[in-house]
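Can you look at this prediction? I've put the sequence above it.
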Amino acid sequence: MFRRTSTARISEYSFGQPDLSRHFGRLSQRASEGNKDAGIKSTTMPNGLRVVTHDKGQAVTSVGFYIEAGAKYDPSTICPGLNYALRYTLLSSNMESSNFQNDRTLRGYGAHWSDCEIRKRYIGVKADVRRDAIAPVVNVYSACIAAPRFANHDTEKWRDHWDNQLEEHKFKEMHDHVVDGLEETAFFKEPLGNPRMMPVVANEKANAKTLIDQWASHFIPNRMVLAGVNVDHEALCAAYLGGSYPHSAEAPHHARSEKPAISHTDEKLQFYPGRQADAPENLAAKTHEANQKQDCAVALGWITNGRDGNLKDYAVTSIIQEIMGMNFDDSLTPASRTTWADGTRTFYRPYSTAGLIGYSVKQTPNKIVDAVIKTTKLPAAVDASQLEAAKARALNRMFAAELDSQSDYLDFIATSNFGVNDFNVALKNVTVADANKELEAMKSKPPAMFSLGHTEELPNLQTILAAQK
């Protein structure tokens, strides 16, 4: 006999979220007045944390914490890839709330949350939410950052996920995957060579102790930024100050920790010119997708300028990337620009004072040798007729990658030491002589190379460079 039950509307359940059976109420004063751009504002809090906002007067707010704890700060001898583990475990629970309670609160206010890693320097946790609900979201985030738990049972649930993400990255983002491998090759056993994702061999090393030690060393307020887009600056500052746990660098766990010793200066010295690494693997045996059975990929990269130094140097290298791609990118259809498709792509990975620029190639084994030799050669010189088009393409790439979505723009204002207009001016001031000077500097050192898949027929790097002359 069936037990008698009764149904209940979802609005009748109370988990601390707003009452869904009633209207949310009137719009805030700024929203009711229409969109008004308040510009970018920045404030340093008493504990050293920097708050930066750009209120455009729109209804949906993006907020996030950014911490200088990226891949290059990982303890490579203890647990490489620890930055990746931090991104997943940081919001799992804190000393006040469990993972379920945090998840319930964020969902109750309709927040969409995510994490990110930026230029191997920053990791970030961010959320999109209504303007009138930033305080509870900031409170959850600040509590997880100021007083995390890193309970072992919260970490264990991610281990299979990390392995799966790394394996899927190989097929879904193959061009990016080989460039990640190139970073580890070109900056071998250097801070910039630390992996962005969690290597399989280091998975079990990410435990409560390593996570807490890394957090205590790097999650200090003066190494953090709280950023917001479409949020009142004073309201965001007040939301942070009203959090459950005050955060101070003088707290015992921070005071007793080992201080970060990574320097941003002279990052170019970490580069190993001419270094080569291969990762032979039968990729075709791991997929049933016909268009993903092309199973050889190669990345070549040269050392170049970073992003946090001289802005004009960064603009010059951005232009060179576009000139490198003009020889073949224009013949590609939009459908073939996906990150797993065959062909050649340019890449530019800027760090603080150094960068890696080059080509990634994906082809079948019988075509990979010719493709690498023909398409991965630096231009002989920069043609004046190409310069203006390259400037326009570089600015368009900046808009598409960092300014197009609100979430990307949040990353930009939190981690960039320049504005969009500054970059545009720097691009306009670049001359043919500037571009050729940097091109010659790149050619002065041989590139590094990483290959993945059926690499048996692939010649070594010295043979490839000799064939390109």
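Nice, I can see it. Fair warning: this is a prediction, and the values are worked out from it, not measured in the lab.

got the contact list for the helix or strand where Tyr240 lies?
Tyr240 belongs to helix 233-241 when assigned by DSSP states H and E. For helix 233-241, the external contacting residues (Cβ atoms under 8 Å, 6 or more residues apart in numbering) are 38, 41, 43, 45, 49, 51, 53, 55, 63, 134-135, 138-139, 142, 226, 228. Where C-beta positions appear, they are placed from N, C-alpha and C, glycine not excepted.

By neighbour count, sort out the buried ones in those.
By neighbour count, with 16 or more other Cβ atoms under 10 Å, these hold 41, 45, 49, 51, 53, 55, 63, 134-135, 138-139, 142, 226, 228 as buried.

which pair in those residues spans the largest distance?
Largest separation among those by Cβ to Cβ: Lys41 and Asn139, giving 21.2 Å.

residues near Gln321, how many?
Around Gln321 there are 19 other residues, counting by other Cβ atoms under 10 Å.

same deal with Pro446?
17.

where does it land on pLDDT?
The model reports Pro446 with a pLDDT of 94.

SS state for Asp115?
Classification of Asp115 using DSSP: H, G, I helix; E, B strand; the rest coil returns strand.

Please, which helix or strand holds the residue nearest to it when sequence neighbours are not counted?
Setting aside the residues directly before and after it, Asp115 is nearest to Arg87 in space (Cβ to Cβ, 6 or more residues apart in numbering), at 4.0 Å. Using DSSP H and E, Arg87 falls within helix 82-89.

what about Val201, distance to Asp55?
According to Cβ to Cβ, to the nearest Å, Val201 and Asp55 sit 46 Å apart.

Identify the residues contacting the nearest residue to Pro148 once chain neighbours are set aside.
Among residues not flanking Pro148 along the chain, Asn94 sits closest, at 5.4 Å (Cβ to Cβ, 6+ apart). Going by Cβ under 8 Å, 6+ apart, Asn94 touches 102, 143-144, 146-149, 245.

circling back: just the buried residues of the helix or strand that the helix holding Tyr240 is followed by, please?
Sequence-wise, the next helix or strand downstream of helix 233-241 (DSSP H and E) is helix 252-255. By neighbour count on 16+ other Cβ under 10 Å, the buried set for helix 252-255 is His254.

And the residue nearest to Asp115, how far from Cys79?
14 Å.

averaged over its residues, what pLDDT does stretch 224-235 have?
The average pLDDT for stretch 224-235 rounds to 95.

Any chance you could give me it in CSV, C-alpha atoms only?
Output of stretch 224-235 as CSV, limited to C-alpha atoms (Å, rounded to 0.1, in the frame of the first residue of the first chain):
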residue,chain,number,x,y,z
MET,A,224,44.9,39.7,-3.3
VAL,A,225,42.5,41.8,-5.4
LEU,A,226,38.7,42.0,-5.0
ALA,A,227,37.3,43.1,-8.3
GLY,A,228,33.7,44.0,-9.4
VAL,A,229,31.9,45.0,-12.5
ASN,A,230,28.5,46.7,-12.3
VAL,A,231,28.8,47.1,-8.6
ASP,A,232,28.9,50.2,-6.4
HIS,A,233,32.5,50.7,-5.2
GLU,A,234,31.6,51.6,-1.7
ALA,A,235,29.0,48.8,-1.4
